[in-house]
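>>> just a sequence and a predicted model for now, questions to come.
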Amino acid sequence: MLKFPDDGNRYELFNGSLVVSPAPTPLHQRAISRLLLILERAAPPGLECLTTVNVRQSPTDFYIPDLVVVSEAVSDAVDLMFAPSDLLLAVEVVSPSTRVHDRATKKAAYAAAGIPLYWRVELDEGPALYIYRLDGESYPEPEVHKAGTAVTLVEPYRVGLDPASLVGSRSQSR
């Protein structure tokens, strides 16, 4: 059993190395919350969206994605740790303290773990949504959606959004 301090930081393991990140900024939390609402509203019966869940790939690899989509049946059966195979989608919202891990380390780790879909939200880009689809054991070049352009996605299920709605004022996101 992994034991970490309850100090507001996020603790993850990458190939046995401990990575500690500070609590997310309000803008980061806003983007996660807005995306959670968008995905949850569009989710078909039997699927749900969760934030900051534990995903254990191996004894030396333990991740906490910002947001995931899983089946409700799997969610009901999991006590503490999801397996990577439980995830239909993993999402990371990039912040200054997680930039390298979200863009490279987590992308490679999620691909190696077999997570079929990885979304990366780049807040500094307006924001922009980068969509990676697993091809074998890696994610090829992503599909990129910039703020101000509505897009309809079909994976993990049909959902429409404009990345700009993840960070604007509440009146703009409705």
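Okay, I see it.
>>> all contacts plus neighbour counts: C-alpha atoms, from now on.
OK.
>>> gap between the top strand by length along the chain and the chain center?
Among the segments of the chain that qualify as a strand by DSSP state E, the longest is strand 87-94. Averaging C-alpha positions (CA atoms, centre = their mean, to the nearest Å) puts strand 87-94 2 Å from its chain's average.
>>> within its sheet, name the partner strands of it and how each one runs.
In the sheet, strand 87-94 lines up against strand 67-71 (antiparallel), strand 117-122 (parallel) (DSSP bridges).
>>> so where do the strands sit in this structure?
Counting by DSSP E, the strands of the chain are 10-14, 17-21, 47-51, 54-58, 61-63, 67-71, 81-82, 87-94, 117-122, 128-133, 143-146, 151-153, 159-161.
>>> could I get those strands as JSON lines with mean neighbour count and distance to residue 107?
Formatted as JSON lines, the strands of the chain follow (neighbours: other CA atoms under 10 Å; distance: least, CA to CA, whole Å):
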{"stretch": "strand 10-14", "mean neighbour count": "18", "distance to residue 107": "12"}
{"stretch": "strand 17-21", "mean neighbour count": "13", "distance to residue 107": "15"}
{"stretch": "strand 47-51", "mean neighbour count": "19", "distance to residue 107": "18"}
{"stretch": "strand 54-58", "mean neighbour count": "19", "distance to residue 107": "14"}
{"stretch": "strand 61-63", "mean neighbour count": "22", "distance to residue 107": "12"}
{"stretch": "strand 67-71", "mean neighbour count": "21", "distance to residue 107": "14"}
{"stretch": "strand 81-82", "mean neighbour count": "18", "distance to residue 107": "18"}
{"stretch": "strand 87-94", "mean neighbour count": "23", "distance to residue 107": "9"}
{"stretch": "strand 117-122", "mean neighbour count": "23", "distance to residue 107": "7"}
{"stretch": "strand 128-133", "mean neighbour count": "21", "distance to residue 107": "9"}
{"stretch": "strand 143-146", "mean neighbour count": "15", "distance to residue 107": "14"}
{"stretch": "strand 151-153", "mean neighbour count": "12", "distance to residue 107": "20"}
{"stretch": "strand 159-161", "mean neighbour count": "16", "distance to residue 107": "22"}
